[in-house]
Structure formats: structure tokens, C-alpha cells
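1. mind looking at a prediction? Sequence and model below.
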Amino acid sequence: MKHLLKILLLLLPGLAFSQDLLFNQPTPKEADSLSAVLKHTGNDTLKMSISDYLANYYIESNISATQQYLNQALVLARKLNQKLTQASALDGLSYLAYKSGDYAESLQLANAGIAIAESSDCENNVWRVTQYAKDGDARKARVYILANLYQKLADLYIATGNNGKGLKSYLKALGLAKSVDDKVGMSFYYCDLGLYYIVAGKTDSAVFFVNRALLYCDQAGFKLYIGHDLDVLGLIFFQKANILTAKKYFFQAMEADKLQKNLRDLPYTYGNLAEAYMATQGIDSGIFYSRLALKDFTAQDNRQGISDTYDQLFELYRMSGRDDSAFFYLQRAKTFGDSLKTVQAAKVRQYLSVGFNEQLKVDELEKEKVATSARNRIYALLAGIAVFMLLALIFYWNNRQKQKANILLNQQKEEVQDALARLKETQTQLIQSEKMASLGELTAGIAHEIQNPLNFVNNFSEVNTELIGEMKEEIEKGDLEEIKAIAFDIAENSKKINMHGKRADGIVKSMLQHSQAASGGKEQANINQLAEECLQLSYHGFKTKDKSFNCEITTNFDSSLSLINIVKRDIGRALVNIYNNAFYAVGKKSKEEGEAYSPLVNTSTLRGKDKIIVKIKDNGAGMPAHIKEKIMQPFFTTKPTGEGTGLGLSLAYDIIVKGHGGNIDFNSINGEGSEFIVSLPC
């Protein structure tokens, strides 16, 4: 068990270097490239960053190189006033001093780092912080580094026998890591607490904390020290005398250390395996793993590890009955251990001296804080009086200015009201102009539509004139039968003249109704007939403006619809405006796509629940999603300048929704077409 306790004390500082050295760890090839850049660059900022990265690379394999790069980063950070990097470098150097057993130096470096990282000022003037916090948050980076520094203090307290302060410092580091959701840091500090509770003999608490450490290692995706955590679990079960389970975790830890190339922790795991085999009389296996540990500790110049392994080998050889080898390692252990204890005792005394001086500095700082606080309160009181007087003057001046401003605002209010009245008048004129403009667009179409019945009237009139001449000739001849036949033809032609005359009269009346400025009263109307008339008027209007324009028109009217009570000319205007939009859309797409495209406009009617529905659908260009909410707004148009005022659909909306209590909705797919759905109460 004495070997176990020594190993635990060695493992306590095992994860005690800065977390900032864990992010963006370079590969060997990248490390070589960075070293080459560092030799040739003259940019201090770049040198500082590269030194930090290379310290990351060598932290567990080459202590002297790590120390060199950290010192270089510290010098450059001070030169560039990069306080966050200063704190990080001090953290790493404190760790290296601890590893070498120089507790006094480690304490001084840790306290210097804490003095910087405690202040939020080091979050300012930072060049980059992604090597400390992946999201580049300067506050998180500061808290990460500060937590690591408190971990250094905890390790120092534990190593020098002050377990109470050590526990408080570990909990302080853990609380800081939790405050910024630092999962990597939490995995470190939970494992530290697990080791602490192993030494305290509280194995259940130790299992809980180490399992938490493994959980956060997994969540963070950080595997470098998973072998260390597994090794600690093995130690817990070893302490519980469950040697079989302990061996299982030690072997898992050994494989993980090899996989992650964590050569610093590997000899500790070898030593633990040797201890487990010693406990089960597996002496040869114990000697094998103990000699592996000695080889690695010697390569790392880990004097404490070498000393403890000599002790372990003495016990193993003694138990095996090989007294010569046991005596050899006993001599080595005594000579090496006495020398090491002398050096360590001196370093502990030096550490305690430094700790006492640091405490005196802390006391002086506290006194200075109290005095400074009192002075600040006096200054604040005087400043408050000055601010109060200044505010009184400002309020007086503001009151005078408000009086002047109120007079000016009243004048401006009158001007704005006059401008608003003129704007409303202008808007009314624009709307009326739009109505007349739509009438102008329809005039050509109406003329074309009325030309057909007039041609019939003219043609049949000419035929009747000829028939009357023929009838006179037959009267002179006295051919009564021929006279009757001619008279019948004249009568039939007269009926056709009358029919086409009425048709022309209806078209003229529709035109007059559409052109009236004011709405009349509601009347019973056939919505199918109105939709057909408006469709033809709009289509012929477009044909007149563009002789090449052609479009297939289809209708699907519900013949069972009853008459509906509407203002006929207003609904007609609304439908014409919607038809105009449809024909414009298919005409534009036809010009863009040519003969490959067949324009189509379809109108249908149907009965809904308590309403009659008119659907107007086209296969034109459709509308993008971002303009769908705007098309009913006054003056909004997608047409080029001079081709539209943006009032057509707005007028249709006012007529259908506001004037008739109906609804107008639409569906549109960009590039495929649009469908307007008009609902009118019946």
C-alpha cells in the first residue's frame, strides 16, 4: 500500500498544465513547418503564436524545448501587451517547475498568472484566442486559463500537505470550468478530485468523480488523457482489494497511453501493473513491468519516479528470493532516495518561505483595497454632487428648449396636416387616373369587339337592299312565290341585324358602366356572363396593343349559379384588372421563351359555402416569394417604368374586400404561374 500512496502523489499533478495547450495540437509535420517559420519570420505576433503552438507539441515529450518556447512566448506577450498569452505562458511554466520539483518557482509563477487572469482587463487587446477557446470568446479563454492556474495551486497545496486548501482550489477550478461549459477542463478537475478522495480513503466518491471525468472526456472528444483516468479507476479498485478489476483498468490505461502517445503517464501505469502483480504473487510479471517503468522514468529524468521504482524493484526481488538483486536495488533506492529527500526538503522550505511572502503581499493588497475603496467612495460622493448640479442646469435648459420646440412642433404639425390633405387628394386623383387608364387600355379591345356586330349589321343591310331590288323585279313579273321567298329572307336578315345591333348596344353599355367614376347601387347580376365579358374585353385590349399576342383562353363556368347581388361595374373593373395581370404575365413569358411556350389563361366559377368563387389562372412567370405580400399594396408593381402604376390589384382588393365583404387570395409558383381566387358572398 505504501507504493500505491507514493504513486497517487505522483499522479496528482499529472494534468496540471494549461488547457490552452490542448487545442489545435500540431502534427509532427506541422511542428517541423512551424519551427522553420519561427526561424525566419520577423513578425513578433506570429512568433508569439508559433511559440505557443510548439510548446503544445513538446509539452509531454521534451521539457527543455517546452520551457524554451514558453519563455519566448512570455517575453513576446509582454512586449506586445498580450496579457492573456502572458497568463497562459506563466501557467505552462508553473507546470514545468512543478514537474521538476521546484515548488517555490511553481508557486511564484502560478500567483503571477492568477494576478493577471483575475482581471477582465486581459480580455482586451487580444490578437487571437482560438488557441485557448475554440469559439474565439476572450472571456472564456481567460476563465479557462484562470481555472488551470487554480489547479496549480491545488497541486502545490496537496504536495506540501495542505489538503484542505488543495480541495478548495480544485473546487474553485471546477466551478470556473463549469461557468463556461469547459468540458475538457471539467474532465481534468473531476479526475483530480477522484485522486484526492482515493488518498482520503473515500473510494465511492473517488469512483463517482473519475467516471464524471471520463464522461466529459468523451463529450469533449478529447482522448489524450483517457489512459490516465482509466489508470486512476484501477487504483481505486486496487485500494478496494479488487485486484482483478484493477488489472483490467491498468491494461486498458496502458493501451490508451500507447495509442495516444502519452509517454509521460505510461511508466506510472507500468508501475501500477507491477504493484498489482506483486499483490497476487505474480513476481516475474511484476518485475517485467517495474523494469519498463524504470526505463521510461530514466529516459524522462523523472527522479521521483526512479526513486519509487527502485523501492518497488527491491520489494519484488526480495519476494522472489533473489537477494543479490534485492540488495542492489535497496542500495540504489537508499542512495538515490536520500539525495532526493534532501533536495525536496530544501525546495519545500523554499516553497513555504515563498508562500509566507506571498501571503504578506496578499494582506498588503487587501489593506490597499480597503483604503482605495474609502477614497473611491469620497470621490463618488463629490462626483454625485457635481452631477446633481449639472443635471439641474441641464433640466432648466431642456425646459426652455422644450417650450421653443413645442411652438415649432405646432407649426410643423399644421404644415404636415396640410401636406397630408394634399397627399390624400393626389392619391384620389391617381386612383381615378388609374381607372381612366384602364378604360383607355380597354377602348381598343372594345372597338375590336364591337366591330364584329357592326360588320354583321352592315353586311345584312347591303344584302337586304339587294333583295328588295330583286323583289321589285319579281313584283313586276307577278311571281308571287318568289316574292314570298325574298320577303322571308329579308325578314330573317332583319332579325340578324336586330340581334347584332343589340349585341353592339350591350358592349357600349358595358363600356359606359366601366368608365363611370362613382359606384352605383348593387343589382342582381350573372357572374358567369360578367366574367366572360371582362375576359373578352381584356384579351382584345392586349391583342390591339400587340398584334403578335396570342393566348389560349379556356372557361369552366358553373351553369347552376344563381344571380348575385353586386355593384356590377365595380366587380367588372376588379376582374378586368386581374385578367390584365394574367395576360401580361403570359405575354412576358411568351417573349422570353418563344415558340416552346404555349400561353394559357383559364377562368372558372363554382359555388362554395355561402359564397361564389371565381378562379383566374395563368401559366405565366409566377411571382418570387419575397414579393407575394406586397402585390396588393398601392403603387407596388413589378412592371418596368411606364408600363404600370401599381394600382390595379390594389383597386381590385378594395372593391372585392372592402366594397363587397368578399375575399381575394392567390397562389403563385415562381416560373410556373399564378392563380387568383375571388370569393363573393351570395
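-> Here it is on my side, so go on. Numbers count the residues shown, from 1 in each chain.
2. domain-wise, how is the chain divided?
-> Here the domain parsing of the chain from automatic domain parsing is 10-268, 363-510, 523-681.
3. make CSV from those and add distance to residue 310, mean pLDDT and mean neighbour count to it.
-> C-beta: built from backbone N, CA, C; applies to glycine. Formatted as CSV, the domains of the chain follow (distance: least, Cβ to Cβ, whole Å; pLDDT from 0 to 100; neighbours: other Cβ atoms under 10 Å):
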stretch, distance to residue 310, mean pLDDT, mean neighbour count
domain 10-268, 13, 82, 20
domain 363-510, 44, 72, 13
domain 523-681, 79, 84, 17
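4. can you verify my assumption that residue 271 contacts residue 290?
-> Yes - Residue 271 is in contact with residue 290 according to Cβ atoms under 8 Å; the separation is 6.6 Å.
5. name the residues contacting each of these two.
-> Common contact partners of residue 271 and residue 290 (Cβ atoms under 8 Å, 6 or more residues apart in numbering): 309, 312.
6. for residue 324, which of the domains of the chain is the nearest?
-> Nearest to residue 324, of all the domains of the chain, is domain 10-268, at 24.9 Å by Cβ to Cβ.
7. now the strands for the chain?
-> Ranges of strands in the chain, per DSSP state E, are 523-525, 552-556, 564-566, 600-608, 611-618, 663-669, 673-681.
8. would you list those in JSON lines and tack on distance to residue 221?
-> As requested, these are arranged in JSON lines below (distance: least, Cβ to Cβ, whole Å):
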{"stretch": "strand 523-525", "distance to residue 221": "74"}
{"stretch": "strand 552-556", "distance to residue 221": "63"}
{"stretch": "strand 564-566", "distance to residue 221": "70"}
{"stretch": "strand 600-608", "distance to residue 221": "59"}
{"stretch": "strand 611-618", "distance to residue 221": "55"}
{"stretch": "strand 663-669", "distance to residue 221": "45"}
{"stretch": "strand 673-681", "distance to residue 221": "51"}
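9. of these, which is nearest residue 415?
-> Of the strands of the chain, nearest to residue 415 by Cβ to Cβ is strand 663-669, at 37.4 Å.
10. same for the closest one, what does it pack against?
-> Judged by 3 or more Cβ pairs under 8 Å, 6 or more residues apart in numbering; DSSP states H and E, the packing partners of strand 663-669 are strand 673-681.
11. can you do 10 Å?
-> When contacts are defined as 3 or more Cβ pairs under 10 Å, 6 or more residues apart in numbering; DSSP states H and E, strand 663-669 packs onto helix 568-593, strand 611-618, helix 648-653, strand 673-681.
12. in its sheet, what does that strand sit against?
-> According to DSSP bridges, strand 663-669 has the following sheet partners: strand 673-681 (antiparallel).
13. one step back: turn the helices and strands packed on strand 663-669 into TSV, columns for distance to residue 384.
-> Shown next, in TSV, are the helices and strands packed on strand 663-669 (distance: least, Cβ to Cβ, whole Å):
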stretch	distance to residue 384
helix 568-593	68
strand 611-618	70
helix 648-653	59
strand 673-681	67
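14. check contacts around the closest residue to residue 669 other than its chain neighbours.
-> Nearest non-adjacent residue to residue 669, counting by Cβ to Cβ, 6 or more residues apart in numbering: residue 622, 5.1 Å away. If a contact means Cβ atoms under 10 Å, 6 or more residues apart in numbering, then residue 622 has 585, 589, 628, 667, 668, 669, 670, 671, 672, 673, 674, 675 as its contacts.
15. got phi/psi on residue 622?
-> Phi and psi for residue 622, reported as degrees, to the nearest 10, are phi 70, psi -180.
16. closest one to residue 191 among the helices and strands packed on strand 663-669?
-> Comparing those by Cβ to Cβ, strand 673-681 comes nearest, at 65.7 Å.
17. can you give me the angle the closest one makes with strand 600-608?
-> 30 degrees (axes from the mean of the first three to the mean of the last three Cα atoms, to 10 degrees).
18. tilt between strand 673-681 and helix 568-593?
-> Using the same axes, to 10 degrees: strand 673-681 against helix 568-593 is 170 degrees.
19. now the helices for the stretch 101-250 of the chain?
-> Taking DSSP state H, counting those that start in this stretch as the test, the helices found in the stretch 101-250 of the chain are 103-117, 138-159, 163-179, 183-199, 203-220, 226-239, 243-260.
20. identify the bridge partners of residue 680.
-> According to DSSP bridges, beta-bridge pairing links residue 680 with residue 612.
21. which residues touch it?
-> 527, 564-566, 571, 574, 608, 611-614, 656, 660-664.
22. sorry, back to before: okay, the helices of the stretch 101-250 of the chain in TSV with distance to residue 422 next?
-> Below are the helices of the stretch 101-250 of the chain laid out as TSV (distance: least, Cβ to Cβ, whole Å):
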stretch	distance to residue 422
helix 103-117	67
helix 138-159	57
helix 163-179	62
helix 183-199	67
helix 203-220	68
helix 226-239	79
helix 243-260	80
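23. all helices of the stretch 351-500 of the chain, in order?
-> Using DSSP H, counting those that start in this stretch, helices in the stretch 351-500 of the chain cover 480-515.
24. pretty sure residue 621 contacts residue 584?
-> Yes - contact criterion Cβ atoms under 10 Å: residue 621 and residue 584 qualify, at 9.5 Å.
25. gap between stretch 576-591 and the chain center?
-> Counting by Cα atoms, centre = their mean, to the nearest Å, stretch 576-591 is centred 41 Å from the centre of its parent chain.
26. no wait, stretch 394-410
-> On Cα atoms, centre = their mean, the centre of stretch 394-410 falls 46 Å from that of its chain.
27. and what of stretch 62-69?
-> With Cα atoms, centre = their mean as the basis, the mean position of stretch 62-69 lies at 40 Å from the chain mean.
28. and the contacts of it?
-> 17, 21, 35, 38, 50-60, 89, 92-93, 95-97, 99-100, 264, 300-302.
29. if we can go back for a sec, residue 559: which of the helices of the stretch 101-250 of the chain is closest?
-> Nearest of the helices of the stretch 101-250 of the chain to residue 559, taken as Cβ to Cβ: helix 203-220 at 70.9 Å.
30. CA atoms only: put the closest one into PDB for me.
-> C-alpha atoms of helix 203-220 as PDB (Å, rounded to 0.1, in the frame of the first residue of the first chain):
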ATOM      1  CA  THR A 203     -13.400   5.200  -2.700                       C
ATOM      2  CA  ASP A 204     -17.100   5.600  -3.600                       C
ATOM      3  CA  SER A 205     -16.600   9.400  -4.000                       C
ATOM      4  CA  ALA A 206     -13.500   8.700  -6.000                       C
ATOM      5  CA  VAL A 207     -15.300   6.400  -8.400                       C
ATOM      6  CA  PHE A 208     -18.000   9.000  -8.900                       C
ATOM      7  CA  PHE A 209     -15.600  11.800  -9.800                       C
ATOM      8  CA  VAL A 210     -13.400   9.700 -12.100                       C
ATOM      9  CA  ASN A 211     -16.500   8.500 -14.000                       C
ATOM     10  CA  ARG A 212     -17.500  12.100 -14.400                       C
ATOM     11  CA  ALA A 213     -14.100  12.800 -15.800                       C
ATOM     12  CA  LEU A 214     -14.400  10.000 -18.400                       C
ATOM     13  CA  LEU A 215     -17.900  11.300 -19.300                       C
ATOM     14  CA  TYR A 216     -16.600  14.800 -20.100                       C
ATOM     15  CA  CYS A 217     -13.500  13.400 -21.900                       C
ATOM     16  CA  ASP A 218     -16.000  11.500 -24.200                       C
ATOM     17  CA  GLN A 219     -18.300  14.600 -24.700                       C
ATOM     18  CA  ALA A 220     -15.300  16.800 -25.500                       C
END
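31. ok, back up a step: format the contacts of residue 622 as a markdown table; extra columns: distance to residue 65.
-> Listed next are the contacts of residue 622 as a markdown table, based on distance: Cβ to Cβ, whole Å:
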| residue | distance to residue 65 |
| --- | --- |
| 585 | 73 |
| 589 | 71 |
| 628 | 65 |
| 667 | 70 |
| 668 | 68 |
| 669 | 66 |
| 670 | 62 |
| 671 | 64 |
| 672 | 67 |
| 673 | 71 |
| 674 | 72 |
| 675 | 74 |
